[in-house]
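[1] just the structure for this:
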Amino acid sequence: MILIIDGHSVSYRIYYKTPPLSNSKGVPTSVLHSFLNLIISLREKLNPDTIYVVFDSKGETNRHKIHKEYKSQREKTPEDLIPQIERLKEILPLMGVCVAVKEATEADDIIYTLIKRNDDKNIYLITKDKDLHQLVNDRVKIYDYQDDIALDRDGVFKKIGVYPEQIKDFLALCGDKSDNIPGVRGVGEKTAAKLVSQFGSLEDLYENIDEVKGKLKEKLLAGKEDAFFSRSLIKLEEIDDIEIRDNKQDNEKLKKYLSDLELKTIYKRLFGEGFDDSVSGENYVDLAAWIDNELFLFKNGKLVNDFSILKEINYFYDLKGIIKNNKVDLKKFYDLKIISWMNNPDEGSVKKHKDESVETFLKRLSSLAEEEVSKLKNLQLEKLYRDIECNILLILAEMEKIGIKINADKVYNIHKELDEKLINIEKEIFDYCKEEFNLNSPKQLSVILFEKLGLKPVKKTKTGFSTSEEALKELIIQNPEHFILIEKILAYRELNKLKSTYTVNLLNYADESRRIHSEFNQTGTATGRISSTNPNLQNIPTSSDYGKRIRDCFEAESGFSFVSFDYSQIELRILAHLSKDEKLLEAFHKNEDIHTKTAKEIFNVDKVDARLRRIAKAVNFGIVYGLSPYGLARDTGISQKEASDFIDKYFKLYPKVKDYIESIIKQAGEKGYTETILRRKRFIRNINSKNKMLRQRAERIAINAPIQGSAADIIKLAMISVYKYLQDTKIDARMILQIHDELIFEVKDDVIDLFIKDTKELMESVIELDVPLSVNYGVGKTWGDLK
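    Numbering: from 1, shown residues only. Sure thing, here's the model as predicted:
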């Protein structure tokens, strides 16, 4: 088997998916580390006879000579990526990997030449470039190493809509934005695929152009020259004199190279027991891991059954799971699940692959341990890890053990009621559509909405027009005459989700004492927020009547009550603190209703009704999430022009908020990340992309991450402060739920007043901002009583 890797394609993909990493001398190594790890993993998984890594070269190619705009819109190669690619060209041959290059020649043509000149019957090609899919045949497959899928001829058709031999004609019609290949103006991928499938080739299409009708024919005739010119750019060329860099493996040189670059993980994976202690110490660190509700111990590179070593271990994986089920003497510990997540929050923590054995995973995890800790220190995140995340880990473990009691009789009653309600709504929808169908089938719903009723769609997916909740809300704007139908579909979905998720299904999680022990995931979000699973108790709707009634099913133990504490408008207060906008700061210092104040200013009125306040609230919170005029219009039902005007007025009212947003986007573009108040980092991919859609999404993330992330940090500070208070005072109260900006406790009735007074003070003083923190509280015998 031959494995060919499009080196630049993979390098760019790694670069934008991993946080920056450098060695002690400041040499960038993040791409080197991931690329070399990938090579090792591919060897272990595929066992190829030969690996070729092909790189583009510097210099003007023939395509640039005939089309000056060829690839002109591509972003300039990042400065810290260039030296890593050059080092890869030097390191890979030492690993026995062939590196193929040629001056002023594209990797695509080198790959084509290698395949054409190689008789091997099994060739895997790793690339993301669409034009290289033309190379797939009975010998060649495109391999996706992340999903372990090899794309054959039929796979290419399923993915793109045409067969490999038709790719050139397909791209000739629709063009390729990534390479600045023009195609025919106004012809998209769907139309191009349809035309190629119908006519077979570009020549046959134009010979039978009269079979095409209307504006499409006009576009094709006007763009005929561009189509054939585009195909000439896409056609691959066989070339001579490819430079294949010596692939004779040289372990001694490789060891020195890896040692100098401080690529300890790669060294360990390659040389195992032969690892030089002078480079990085032990081969593997000893660790304990909680995987699939079972404790595993790993010592000296092997799984062991000696549980006495637990007290000697400093490295863990999912320590929360371990301490919930085992007695552990904790000193200075490293939880690799949390650390790897903090190092790269968008990717999440390091995980066991689907088909990976526990022992293989623990070897991989153990070999990564020291490097992950080193990353944590290099990113200046160790203090946040020690002061916040380690303490939160212990608190969440205790919360999970305590749980919350549920009343089964109330749950059954709601389940029965929802069943009847859903039957009625379903009948009303069928009467409107004059047809029965499966409401839970997106495909059938799509046929009814867009084919039978003729609604104007707003969003398309790979499988057709979207019927997601977001898409349905947008449909109301585009199809107001069907408002009643869409509202009923949305109501059906909400109630059906409540019934399936939060009625009798909840009882499956209850123990013998009728308490449910939800799991709190510390590493489940990129912003630092804590999430909840098995079951998810954070997502029960707060605004609906049934949401409240489901909360009523959760009851305090006899002699106890629930007490909730909720940070008021925490994200807007953080926005005021970060932006330093005088009017925002003043409003919070005067304890004004920020939504009413905003509404008065935006709408220039003295008295604000519920509708105006609702729109102002949507604008206030929308700014935090980088909301566009279109999004505001969708969420409030106003026109896009009105939404745009309101956002403009908002920024005139709070000018420093606009300055802050512009500065945070600029900072993200320069540094590649944003930070919270406590310096938690989130790496913002595509922030400098020339692709407008990708860049705008990245900008929205950059705006929101410091605000939502800071809110997550503050609630964690509050949890730590109140937990210490509970331990110090021994007051009869216990923390049982965390729901974003809210904490819920189960408190003995005779100490409630004291507990409220002390906890409110603690939560409002955990951090000093330019605005006061405000905490609301509620008391009740059921969870539903708290709001």
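[2] make it CA atoms for all contacts and neighbour counts henceforth
    Noted.
[3] how near is L453 to E435?
    11 Å (Cα to Cα, to the nearest Å).
[4] using CSV, list the CA coordinates for stretch 323-343.
    Provided in CSV are the C-alpha atoms of stretch 323-343 (Å, rounded to 0.1, in the frame of the first residue of the first chain):
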residue,chain,number,x,y,z
ILE,A,323,-12.7,10.4,43.7
LYS,A,324,-16.5,9.8,43.5
ASN,A,325,-15.8,6.1,43.7
ASN,A,326,-12.4,5.7,45.4
LYS,A,327,-10.5,7.1,48.4
VAL,A,328,-7.7,9.1,47.0
ASP,A,329,-5.0,11.0,49.0
LEU,A,330,-4.6,14.1,46.8
LYS,A,331,-1.5,16.3,46.9
LYS,A,332,-0.3,18.1,43.8
PHE,A,333,-2.2,16.5,41.0
TYR,A,334,-2.4,16.8,37.3
ASP,A,335,-5.8,15.9,35.7
LEU,A,336,-4.9,15.5,32.0
LYS,A,337,-8.6,15.6,31.0
ILE,A,338,-8.9,19.2,32.3
ILE,A,339,-5.4,20.3,31.3
SER,A,340,-5.7,19.2,27.7
TRP,A,341,-9.1,20.9,27.5
MET,A,342,-7.6,24.2,28.9
ASN,A,343,-4.8,24.0,26.4
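[5] give me the contacts around it.
    19, 310-311, 314-319, 322, 347-350, 369, 372-373, 375-376, 379, 381, 385, 389, 397-398, 401, 522-523, 680-681 (Cα atoms under 8 Å, 6 or more residues apart in numbering).
[6] same deal with stretch 136-147?
    42, 120-127, 133, 149-153, 156, 164.
[7] looking at these, which are in strands?
    Judged by DSSP state E, the subset of the contacts of stretch 136-147 located in strands is 123-126, 149-151.
[8] now do the SS call for L216.
    helix (DSSP: H, G, I helix; E, B strand; the rest coil).
[9] state which helix of the protein is the longest.
    If you go by DSSP state H, the chain has its longest helix at helix 692-729.
[10] what mean pLDDT does it get?
    Across helix 692-729, the average pLDDT comes to 94.
[11] ok, now stretch 550-567?
    96.
[12] list the buried residues for it?
    Residues 550-557, 560-567 are the ones in stretch 550-567 that count as buried (16 or more other Cα atoms under 10 Å).
[13] need the max-distance pair from the residues you listed.
    E557 and Y567 (25.5 Å; Cα to Cα).
[14] what is the nearest of the buried residues of stretch 550-567 to K600?
    Closest approach between those and K600, by Cα to Cα: Y567, at 24.3 Å.
[15] just the pLDDT at the residue nearest to that closest one when sequence neighbours are not counted, thanks.
    Nearest non-adjacent residue to Y567, counting by Cα to Cα, 6 or more residues apart in numbering: V775, 4.6 Å away. Note on V775: pLDDT of 96.
[16] please look at V775 and Q569 and confirm they touch.
    No: assessed by Cα atoms under 8 Å, V775 is found out of contact with Q569, at 9.3 Å.
[17] pLDDT at L381, what is it?
    At L381, pLDDT is 96.
[18] before we move on, what about F35?
    The predicted structure lists F35 with a pLDDT of 93.
[19] helix/strand/coil for it?
    helix.
[20] quick check: it touching Y12?
    No: contact status for F35 versus Y12: not in contact, 10.4 Å apart, counting by Cα under 8 Å.
[21] circling back: could you turn the buried ones of the contacts of stretch 136-147 into a ChimeraX selection?
    Buried members of those, defined by 16+ other Cα under 10 Å, are picked up in ChimeraX with:
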select :123,124,125,126,127,133,150,151,152,153,156,164
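[22] quick one: strands adjacent to the helix or strand following the longest helix of the chain?
    Using DSSP states H and E, the helix or strand that follows helix 692-729 towards the C-terminus is strand 733-739. Its sheet considered, strand 733-739 pairs with strand 742-748 (antiparallel) by DSSP bridges.
[23] send me the strand it pairs with as PDB with only the CA atoms.
    Written as PDB, here are the backbone C-alpha positions of strand 742-748 (Å, rounded to 0.1, in the frame of the first residue of the first chain):
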ATOM      1  CA  GLU A 742     -27.200  30.200  39.100                       C
ATOM      2  CA  LEU A 743     -26.400  28.100  42.100                       C
ATOM      3  CA  ILE A 744     -29.100  26.000  43.900                       C
ATOM      4  CA  PHE A 745     -28.700  24.600  47.400                       C
ATOM      5  CA  GLU A 746     -30.700  22.300  49.700                       C
ATOM      6  CA  VAL A 747     -30.700  24.100  53.100                       C
ATOM      7  CA  LYS A 748     -32.100  23.100  56.500                       C
END
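[24] who's in contact with it?
    556, 559-567, 715, 719, 732-738.
[25] need the contact list for the spatially most central residue of the chain.
    A centroid search over the chain (Cα atoms, centre = their mean) returns D346, at 5.1 Å, as the residue closest to the centre. Contact analysis of D346 by Cα under 8 Å, 6+ apart lists 525-526, 682-683.
[26] and the residues you listed, which is closest to I266?
    F683 (23.8 Å).
[27] what does the closest one show for phi and psi?
    Main-chain torsions, F683, degrees, to the nearest 10: phi -90, psi 130.
[28] and the closest residue to it other than its chain neighbours, what pLDDT?
    Leaving out its chain neighbours, the residue that sits closest to F683 by Cα to Cα, 6+ apart is Y673, at 4.1 Å. pLDDT, Y673: 93.
[29] looking at it, Y673 is touching N686, isn't it?
    No: if you go by Cα under 8 Å, Y673 and N686 don't touch, sitting 10.9 Å apart.
[30] quickly list what F298 is bridged to.
    L287, L303.
[31] need the contact list for it.
    286-288, 304, 362.
[32] next: I623.
    Applying Cα under 8 Å, 6+ apart, no residues qualify as near I623.
[33] equivalent analysis for A369, please.
    285, 315, 336.
[34] so which of those is the most crowded?
    L336 (25 neighbours; other Cα atoms under 10 Å).
[35] separation between it and L376?
    Taken as Cα to Cα, the span from L336 to L376 is 10 Å.
[36] then I425?
    In terms of Cα to Cα, I425 sits 53 Å off from L376.
[37] okay, these two: which has more neighbours?
    Applying other Cα under 10 Å to I425 and L376 shows that L376 carries more neighbours, namely 21 against 16.
[38] where does that one land on pLDDT?
    94.
[39] isn't it right up against L384?
    No: L376 is beyond contact range of L384, at 9.7 Å (criterion: Cα under 8 Å).
[40] circling back to that earlier point, out of the contacts of A369, which comes closest to I4?
    The closest of the contacts of A369, once distances to I4 are taken by Cα to Cα, is L336, at 33.2 Å.
[41] need phi/psi at the closest one.
    Dihedral angles (degrees, to the nearest 10) for L336: phi -70, psi -20.
[42] cool, and I530?
    Per degrees, to the nearest 10, the backbone of I530 is at phi -90, psi 140.
[43] quick one on the thing from earlier: just the ones in strands from the contacts of stretch 323-343, please.
    Those of these lying in strands (DSSP E): 315-317, 681.
[44] any quick ChimeraX command for the buried ones out of these?
    Selection command for ChimeraX covering only the buried members of these, criterion 16+ other Cα under 10 Å:
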select :315,316,317,681
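[45] can you tell me which of the ones in strands among the contacts of stretch 323-343 is nearest I767?
    K681 (18.8 Å).
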